[in-house]
Structures are given as structure tokens and as C-alpha cells.
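Peer 1: Sequence first, predicted model second:
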Amino acid sequence: MKRIVLALLVMISISTQAQELKWHTNIKEAIEVSNKEKKPMMMFFTGSDWCGWCIRLQKEVLLTPEFKKWAKASVVLVELDYPRRTAQAPEIKKQNEELQQVFQIQGFPTVFFSNVVKEKDGRLNFKALGKTGYVAGGPEAWLAEANGILKAK
């Protein structure tokens, strides 16, 4: 009996860890989730198929268990991709280009933290919390930087 319970606990633990994070690509969906969950958005501006620093940030931080645990508790994830070789839906490409201009993104990777406030006239207003990019030192260093930005809100 103890073996069965232990096996079940191990399987539950593995399946929980294996669950992937939800990265939104549609900003409107992300805003709804952000407001519903009362979490800021973490917008990851990336060149997924050409930007070496973006790929390095993914491998060293965004795909780690430490980041996944932090992200689930702290933010709504939004990926805003600017690929060169990978096809992208026209509406997503247009949305991403507009957001790049709105947030004045000059280089990649840029990670922008923001809340969205609904104004009295119904318009949505992004309230910037801060931004970062690649931070050397692995997930601990990057998460320390991100937590500093979020605490300042």
C-alpha cells in the first residue's frame, strides 16, 4: 500500500513539474487574464529564431524550474516575437509591431513589466513597472532583477 501511495505522489509531482507555462501571444487575451488574476504582465520581446541573447535568456532562465515556479505565482506571460525565418499570422505580426512602437523597444531581448488600467472612458492604459533584458548569473540573478521591478510597483 505504501508503495502505491508513494508511486502516486511521484507521478503527481512529475506531472505538475511537466506542466508548461502559458505564454500568451494575443495581447487582448493577456490583458483579460492579467486583470482577472490581478497580476502584472511580463512581456517578452524576442527574436526567437535569430537573436542569440534571446535564445540564451530562454535556455538559462525562462525554461528553468525556478522561473516556472516564480512565473506561475507572479505574472501573466506574454511572448511578442519578431522572427525572421518563421512564419507568423498577419494579425500577430501587426500587433507585435504596434507594441514594439508603443513600448519603444530598441533591442532584443527586452522584458517589459506592466499593469493595464482601464480608464473612465473605457480605454486601456499600460502602467509601466519597469524593464530588463538578459541578466548574467542564471535564474537567481534574473529573478532578483525581476522581483526588484515588481516590488517597486
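Peer 2: That came through, no problem.
Peer 1: Show me what secondary structure element comes after the worst-scoring helix or strand of the chain on mean pLDDT.
Peer 2: The weakest-scoring helix or strand in the chain, judged by mean pLDDT, DSSP states H and E, is helix 2-18 (a mean of 42). Sequence-wise, the next helix or strand beyond helix 2-18 is strand 23-24, with elements assigned using DSSP states H and E.
Peer 1: Next secondary structure after that following strand?
Peer 2: helix 27-37.
Peer 1: List the buried residues for that next one?
Peer 2: In terms of neighbour count (16 or more other Cβ atoms under 10 Å), helix 27-37 has its buried residues at 27, 30, 31, 33, 34, 35. No exception for glycine: its C-beta is placed from N, CA and C like everyone else's.
Peer 1: Parallel or antiparallel, which strands does the helix or strand that comes right after it pair with?
Peer 2: Using DSSP H and E, the helix or strand that follows helix 27-37 in sequence is strand 41-46. Here strand 41-46 is paired, per DSSP bridges, with strand 76-81 (parallel), strand 110-118 (antiparallel).
Peer 1: Tabulate those in JSON lines, adding columns for distance to residue 54 and mean pLDDT.
Peer 2: Shown next, in JSON lines, are those (distance: least, Cβ to Cβ, whole Å; pLDDT from 0 to 100):
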{"stretch": "strand 76-81", "distance to residue 54": "9", "mean pLDDT": "98"}
{"stretch": "strand 110-118", "distance to residue 54": "9", "mean pLDDT": "93"}
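Peer 1: For these, could you give me TSV that also reports distance to residue 104 and mean neighbour count?
Peer 2: Listed next are those as TSV, based on distance: least, Cβ to Cβ, whole Å; neighbours: other Cβ atoms under 10 Å:
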stretch	distance to residue 104	mean neighbour count
strand 76-81	13	22
strand 110-118	10	18
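Peer 1: For my notes, please list those in a markdown table and give distance to residue 20 for each entry.
Peer 2: Below are the strands paired with strand 41-46 laid out as a markdown table (distance: least, Cβ to Cβ, whole Å):
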| stretch | distance to residue 20 |
| --- | --- |
| strand 76-81 | 11 |
| strand 110-118 | 19 |
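Peer 1: Residue 80 and residue 144: what is the separation?
Peer 2: 24 Å (Cβ to Cβ, to the nearest Å).
Peer 1: Not counting its neighbours along the chain, what's nearest residue 64?
Peer 2: Nearest-residue entry for residue 64: residue 139, 4.6 Å, with adjacent residues in sequence omitted and distances by Cβ to Cβ, 6 or more residues apart in numbering.
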